[in-house]
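sequence-free structure coming up:
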Ligand code: ATP
Ligand code: MG
(Lines give C-alpha, C1' and ligand atoms only; values in the text may rest on other atoms or scores of the structure.)
(Ligands and ions follow the chains in the order given, each with its own letter.)
Protein backbone atom coordinates (compact mmCIF):
# COMPACT_ATOMS: atom_id res chain seq x y z
CA UNK A 1 0.00 0.00 0.00
CA UNK A 2 1.51 3.36 -0.99
CA UNK A 3 1.87 5.97 1.73
CA UNK A 4 2.32 9.74 1.78
CA UNK A 5 5.91 10.86 2.22
CA UNK A 6 5.50 14.57 1.79
CA UNK A 7 3.01 17.30 0.96
CA UNK A 8 3.91 20.64 -0.56
CA UNK A 9 1.59 23.62 -0.72
CA UNK A 10 2.03 26.91 -2.49
CA UNK A 11 -0.65 29.59 -2.47
CA UNK A 12 -3.11 27.13 -0.98
CA UNK A 13 -5.63 28.62 1.46
CA UNK A 14 -3.82 30.03 4.54
CA UNK A 15 -0.40 28.83 3.31
CA UNK A 16 0.73 32.00 1.51
CA UNK A 17 2.67 32.23 -1.73
CA UNK A 18 5.84 30.56 -0.48
CA UNK A 19 6.20 26.80 -0.68
CA UNK A 20 5.31 24.99 2.55
CA UNK A 21 6.56 21.43 2.96
CA UNK A 22 4.81 19.04 5.36
CA UNK A 23 6.76 15.81 5.85
CA UNK A 24 4.82 12.62 6.65
CA UNK A 25 6.21 9.49 8.17
CA UNK A 26 5.16 5.91 7.45
CA UNK A 27 2.44 5.03 9.90
CA UNK A 28 1.15 7.77 12.13
CA UNK A 29 1.70 11.51 11.68
CA UNK A 30 0.15 14.09 14.00
CA UNK A 31 -0.20 17.74 13.09
CA UNK A 32 -0.86 20.01 15.99
CA UNK A 33 -1.50 23.71 16.15
CA UNK A 34 -3.66 26.47 17.53
CA UNK A 35 -7.23 26.96 16.42
CA UNK A 36 -7.36 28.38 12.96
CA UNK A 37 -3.67 27.71 12.32
CA UNK A 38 -4.38 25.68 9.19
CA UNK A 39 -4.48 22.02 10.31
CA UNK A 40 -7.70 21.21 8.45
CA UNK A 41 -6.37 23.11 5.42
CA UNK A 42 -3.78 20.32 5.10
CA UNK A 43 -6.61 17.77 4.81
CA UNK A 44 -8.27 20.02 2.23
CA UNK A 45 -4.98 20.19 0.32
CA UNK A 46 -4.81 16.37 0.19
CA UNK A 47 -8.40 16.22 -1.07
CA UNK A 48 -7.54 18.89 -3.64
CA UNK A 49 -4.42 17.21 -5.01
CA UNK A 50 -6.23 13.88 -5.35
CA UNK A 51 -8.63 15.53 -7.81
CA UNK A 52 -11.50 16.56 -5.51
CA UNK A 53 -14.11 18.61 -7.33
CA UNK A 54 -16.40 19.53 -4.45
CA UNK A 55 -15.43 22.99 -3.16
CA UNK A 56 -17.80 22.41 -0.23
CA UNK A 57 -15.88 19.30 0.83
CA UNK A 58 -12.76 21.50 0.96
CA UNK A 59 -14.70 24.11 2.94
CA UNK A 60 -14.79 26.69 0.17
CA UNK A 61 -17.53 28.24 -1.94
CA UNK A 62 -15.67 27.89 -5.22
CA UNK A 63 -12.55 25.97 -6.16
CA UNK A 64 -10.81 29.29 -6.89
CA UNK A 65 -11.43 30.30 -3.24
CA UNK A 66 -8.72 27.78 -2.37
CA UNK A 67 -6.14 30.24 -3.67
CA UNK A 68 -4.42 32.19 -0.89
CA UNK A 69 -6.46 35.40 -0.56
CA UNK A 70 -3.59 37.50 0.77
CA UNK A 71 -3.10 39.42 4.00
CA UNK A 72 -2.27 42.98 4.89
CA UNK A 73 1.40 42.09 4.55
CA UNK A 74 1.25 39.61 1.70
CA UNK A 75 -0.45 39.91 -1.73
CA UNK A 76 -2.84 37.18 -2.93
CA UNK A 77 -1.35 34.18 -4.74
CA UNK A 78 -1.67 33.85 -8.54
CA UNK A 79 -2.63 30.20 -8.21
CA UNK A 80 -2.88 27.45 -5.61
CA UNK A 81 -0.66 24.41 -6.03
CA UNK A 82 -0.40 21.22 -4.03
CA UNK A 83 2.08 18.41 -4.62
CA UNK A 84 1.77 15.03 -2.92
CA UNK A 85 4.61 12.52 -2.78
CA UNK A 86 3.63 8.85 -2.44
CA UNK A 87 6.00 6.04 -1.68
CA UNK A 88 5.35 3.48 -4.42
CA UNK A 89 8.07 0.95 -3.65
CA UNK A 90 5.45 -1.83 -3.42
CA UNK A 91 4.01 -0.71 -6.81
CA UNK A 92 0.57 -0.15 -5.27
CA UNK A 93 0.08 2.36 -8.04
CA UNK A 94 0.45 1.03 -11.58
CA UNK A 95 3.40 3.35 -12.20
CA UNK A 96 6.88 1.96 -12.72
CA UNK A 97 8.60 4.27 -10.23
CA UNK A 98 9.43 4.11 -6.51
CA UNK A 99 7.85 7.50 -6.00
CA UNK A 100 4.57 8.80 -7.42
CA UNK A 101 4.28 12.58 -7.40
CA UNK A 102 0.92 14.15 -8.18
CA UNK A 103 0.62 17.87 -8.57
CA UNK A 104 -2.48 19.99 -9.10
CA UNK A 105 -2.70 23.69 -9.69
CA UNK A 106 -5.83 25.82 -9.82
CA UNK A 107 -6.07 29.30 -11.35
CA UNK A 108 -8.47 32.11 -10.40
CA UNK A 109 -10.75 31.23 -13.34
CA UNK A 110 -11.24 27.78 -11.74
CA UNK A 111 -9.17 25.94 -14.36
CA UNK A 112 -7.09 23.04 -13.00
CA UNK A 113 -3.99 21.37 -14.36
CA UNK A 114 -2.46 18.10 -13.22
CA UNK A 115 1.00 16.56 -13.35
CA UNK A 116 2.11 13.00 -12.71
CA UNK A 117 5.81 12.55 -11.95
CA UNK A 118 6.51 15.90 -13.61
CA UNK A 119 4.49 15.23 -16.76
CA UNK A 120 1.26 17.07 -17.57
CA UNK A 121 -1.69 14.69 -17.40
CA UNK A 122 -5.47 14.64 -17.12
CA UNK A 123 -7.61 14.35 -14.00
CA UNK A 124 -9.10 11.07 -15.25
CA UNK A 125 -5.61 9.54 -15.63
CA UNK A 126 -4.82 10.59 -12.06
CA UNK A 127 -8.10 9.07 -10.83
CA UNK A 128 -7.35 5.81 -12.69
CA UNK A 129 -3.98 5.48 -10.99
CA UNK A 130 -5.47 6.32 -7.58
CA UNK A 131 -8.35 3.90 -7.97
CA UNK A 132 -5.87 1.05 -8.57
CA UNK A 133 -4.85 1.61 -4.92
CA UNK A 134 -8.49 2.08 -3.83
CA UNK A 135 -8.03 5.82 -3.34
CA UNK A 136 -10.69 8.27 -4.47
CA UNK A 137 -11.21 11.98 -3.73
CA UNK A 138 -14.90 11.20 -3.18
CA UNK A 139 -14.15 8.12 -1.11
CA UNK A 140 -13.49 7.75 2.58
CA UNK A 141 -9.72 7.53 2.47
CA UNK A 142 -9.83 10.96 4.07
CA UNK A 143 -11.82 11.38 7.27
CA UNK A 144 -11.95 15.08 7.92
CA UNK A 145 -12.77 17.11 11.00
CA UNK A 146 -16.42 16.65 11.91
CA UNK A 147 -16.79 13.49 9.79
CA UNK A 148 -16.74 11.19 12.84
CA UNK A 149 -19.48 13.20 14.59
CA UNK A 150 -21.47 13.11 11.33
CA UNK A 151 -20.92 9.34 11.12
CA UNK A 152 -22.18 8.79 14.65
CA UNK A 153 -25.20 11.05 14.18
CA UNK A 154 -26.36 9.65 10.82
CA UNK A 155 -29.19 7.11 10.41
CA UNK A 156 -28.34 3.37 10.21
CA UNK A 157 -29.34 3.40 6.51
CA UNK A 158 -26.95 6.28 5.72
CA UNK A 159 -24.21 4.58 7.76
CA UNK A 160 -24.82 1.33 5.89
CA UNK A 161 -24.40 3.23 2.60
CA UNK A 162 -21.03 4.57 3.73
CA UNK A 163 -19.85 1.15 4.94
CA UNK A 164 -20.95 -0.30 1.58
CA UNK A 165 -18.92 2.33 -0.20
CA UNK A 166 -15.82 1.84 1.95
CA UNK A 167 -15.93 -1.94 1.60
CA UNK A 168 -16.34 -1.65 -2.16
CA UNK A 169 -19.88 -3.15 -2.08
CA UNK A 170 -21.39 -0.02 -3.61
CA UNK A 171 -18.84 -0.18 -6.42
CA UNK A 172 -19.81 -3.83 -6.93
CA UNK A 173 -23.51 -2.85 -6.78
CA UNK A 174 -22.91 -0.10 -9.36
CA UNK A 175 -21.07 -2.59 -11.59
CA UNK A 176 -23.90 -5.10 -11.11
CA UNK A 177 -26.49 -2.44 -11.95
CA UNK A 178 -24.51 -1.47 -15.06
CA UNK A 179 -24.18 -5.15 -16.07
CA UNK A 180 -27.93 -5.68 -15.53
CA UNK A 181 -28.69 -2.64 -17.68
CA UNK A 182 -26.32 -3.95 -20.36
CA UNK A 183 -28.02 -7.36 -20.13
CA UNK A 184 -31.43 -5.72 -20.52
CA UNK A 185 -30.13 -3.78 -23.50
CA UNK A 186 -28.68 -6.96 -25.01
CA UNK A 187 -31.99 -8.79 -24.45
CA UNK A 188 -33.85 -5.95 -26.14
CA UNK A 189 -31.40 -6.06 -29.02
CA UNK A 190 -31.87 -9.81 -29.24
CA UNK A 191 -35.65 -9.42 -29.36
CA UNK A 192 -35.25 -6.86 -32.12
CA UNK A 193 -32.95 -9.20 -34.05
CA UNK A 194 -35.46 -12.06 -33.54
CA UNK A 195 -38.19 -9.89 -35.01
CA UNK A 196 -35.92 -9.04 -37.91
CA UNK A 197 -35.11 -12.71 -38.52
CA UNK A 198 -38.83 -13.54 -38.44
CA UNK A 199 -39.53 -10.76 -40.94
CA UNK A 200 -36.68 -11.85 -43.23
CA UNK A 201 -37.86 -15.48 -43.02
CA UNK A 202 -41.36 -14.42 -44.04
CA UNK A 203 -39.88 -12.54 -46.95
CA UNK A 204 -37.74 -15.56 -47.83
CA UNK A 205 -40.78 -17.90 -47.79
CA UNK A 206 -42.61 -15.49 -50.09
CA UNK A 207 -39.61 -15.31 -52.42
CA UNK A 208 -39.28 -19.11 -52.44
CA UNK A 209 -42.95 -19.46 -53.38
CA UNK A 210 -42.49 -16.89 -56.14
CA UNK A 211 -39.40 -18.77 -57.35
CA UNK A 212 -41.30 -22.09 -57.43
CA UNK A 213 -44.15 -20.44 -59.32
CA UNK A 214 -41.67 -18.98 -61.80
CA UNK A 215 -39.97 -22.36 -62.26
CA UNK A 216 -43.36 -24.05 -62.77
CA UNK A 217 -44.29 -21.38 -65.30
CA UNK A 218 -41.03 -21.93 -67.21
CA UNK A 219 -41.60 -25.70 -67.18
CA UNK A 220 -45.16 -25.34 -68.50
CA UNK A 221 -44.02 -22.84 -71.10
CA UNK A 222 -41.39 -25.32 -72.36
CA UNK A 223 -43.97 -28.10 -72.48
CA UNK A 224 -46.31 -25.83 -74.44
CA UNK A 225 -43.55 -25.00 -76.94
CA UNK A 226 -42.81 -28.71 -77.39
CA UNK A 227 -46.51 -29.50 -77.90
CA UNK A 228 -46.75 -26.69 -80.47
CA UNK A 229 -43.75 -28.11 -82.35
CA UNK A 230 -45.22 -31.65 -82.29
CA UNK A 231 -48.52 -30.26 -83.55
CA UNK A 232 -46.81 -28.36 -86.36
CA UNK A 233 -44.74 -31.39 -87.41
CA UNK A 234 -47.97 -33.48 -87.53
CA UNK A 235 -49.70 -30.79 -89.59
CA UNK A 236 -46.78 -30.58 -92.01
CA UNK A 237 -46.79 -34.34 -92.44
CA UNK A 238 -50.55 -34.36 -92.99
CA UNK A 239 -50.29 -31.58 -95.59
CA UNK A 240 -47.35 -33.34 -97.35
CA UNK A 241 -49.47 -36.52 -97.52
CA UNK A 242 -52.39 -34.55 -98.93
CA UNK A 243 -50.15 -32.93 -101.52
CA UNK A 244 -48.73 -36.34 -102.49
CA UNK A 245 -52.21 -37.84 -102.74
CA UNK A 246 -53.52 -34.99 -104.89
CA UNK A 247 -50.39 -35.24 -107.11
CA UNK A 248 -51.05 -38.96 -107.58
CA UNK A 249 -54.70 -38.25 -108.31
CA UNK A 250 -53.61 -35.67 -110.90
CA UNK A 251 -51.36 -38.26 -112.54
CA UNK A 252 -54.18 -40.83 -112.50
CA UNK A 253 -56.59 -38.34 -114.10
CA UNK A 254 -53.91 -37.51 -116.66
CA UNK A 255 -53.45 -41.21 -117.41
CA UNK A 256 -57.19 -41.78 -117.65
CA UNK A 257 -57.54 -38.70 -119.87
CA UNK A 258 -54.80 -40.10 -122.11
CA UNK A 259 -56.58 -43.45 -122.26
CA UNK A 260 -59.89 -41.76 -123.09
CA UNK A 261 -58.08 -39.69 -125.72
CA UNK A 262 -56.50 -42.81 -127.20
CA UNK A 263 -59.84 -44.62 -127.22
CA UNK A 264 -61.45 -41.62 -128.88
CA UNK A 265 -58.65 -41.57 -131.42
CA UNK A 266 -59.26 -45.30 -132.12
CA UNK A 267 -63.01 -44.70 -132.48
CA UNK A 268 -62.48 -41.71 -134.75
CA UNK A 269 -59.93 -43.72 -136.75
CA UNK A 270 -62.46 -46.62 -137.04
CA UNK A 271 -65.18 -44.29 -138.18
CA UNK A 272 -62.90 -42.66 -140.75
CA UNK A 273 -61.80 -46.06 -142.12
CA UNK A 274 -65.40 -47.19 -142.24
CA UNK A 275 -66.39 -44.09 -144.17
CA UNK A 276 -63.47 -44.47 -146.61
CA UNK A 277 -64.29 -48.10 -147.38
CA UNK A 278 -67.89 -47.46 -148.17
P1 LIG B 1 -9.39 24.28 14.08
O2 LIG B 1 -8.43 23.87 15.14
O3 LIG B 1 -10.34 25.30 14.53
O4 LIG B 1 -10.00 23.14 13.35
P5 LIG B 1 -7.57 24.50 11.85
O6 LIG B 1 -6.17 24.47 12.33
O7 LIG B 1 -8.15 23.29 11.29
O8 LIG B 1 -8.52 25.07 12.98
P9 LIG B 1 -8.10 25.62 9.32
O10 LIG B 1 -9.58 25.46 9.27
O11 LIG B 1 -7.28 24.64 8.58
O12 LIG B 1 -7.64 25.70 10.83
O13 LIG B 1 -7.70 27.04 8.81
C14 LIG B 1 -8.57 28.10 8.88
C15 LIG B 1 -7.83 29.32 8.43
O16 LIG B 1 -7.54 29.27 7.05
C17 LIG B 1 -8.68 30.56 8.63
O18 LIG B 1 -7.91 31.51 9.33
C19 LIG B 1 -8.98 31.07 7.27
O20 LIG B 1 -9.01 32.48 7.18
C21 LIG B 1 -7.80 30.55 6.48
N22 LIG B 1 -8.14 30.48 5.07
C23 LIG B 1 -9.04 29.68 4.45
N24 LIG B 1 -9.06 29.93 3.14
C25 LIG B 1 -8.14 30.89 2.89
C26 LIG B 1 -7.68 31.57 1.71
N27 LIG B 1 -8.18 31.29 0.52
N28 LIG B 1 -6.71 32.50 1.86
C29 LIG B 1 -6.20 32.77 3.03
N30 LIG B 1 -6.57 32.18 4.17
C31 LIG B 1 -7.53 31.26 4.12
MG1 MG C 1 -9.71 22.18 11.84
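Arrived safely, thanks for sending. As the structure is a prediction and not an experimental result, all values here were calculated from the model. Ligands and ions are numbered 1, 2, ... in the order given.

so residue 137 versus residue 223, what's the distance?
Look at residue 137 and residue 223: by CB to CB, to the nearest Å, they are 86 Å apart. All C-beta spots, glycine's among them, are computed from the backbone N, C-alpha and C.

now swap in residue 193 and tell me
Residue 193 is 44 Å from residue 223, where distance means CB to CB.

follow-up on the earlier one: so residue 137 and residue 223 - more neighbours on which side?
residue 137 (21 against 10; other CB atoms under 10 Å).

starting at the chain centroid, how far to stretch 192-201?
From the chain centre to the centre of stretch 192-201 is a distance of 21 Å (CA atoms, centre = their mean, to the nearest Å).

just stretch 97-109 next, same as before
On CA atoms, centre = their mean, the centre of stretch 97-109 falls 35 Å from that of its chain.

now stretch 158-168
Distance, stretch centre to chain centre, for stretch 158-168: 33 Å (CA atoms, centre = their mean).

can you give me the strands for the stretch 51-200 of the chain?
In the stretch 51-200 of the chain, the strands defined using DSSP state E, counting those that start in this stretch lie at 80-87, 99-106, 112-116, 119-121.

now do the same contact list for the residue in the stretch 151-278 of the chain positioned nearest to ligand 2.
Closest approach between the stretch 151-278 of the chain and ligand 2, counting by CB to the ion: residue 151, at 16.7 Å. Residue 151 makes contact with 159, 162, according to CB atoms under 8 Å, 6 or more residues apart in numbering.

10 Å instead, please
Shown in contact with residue 151 (CB atoms under 10 Å, 6 or more residues apart in numbering): 140, 143, 158, 159, 162, 163.

ok, and the most crowded of those residues?
Comparing the contacts of residue 151 by number of neighbours (other CB under 10 Å), residue 162 comes first, having 15 neighbours.
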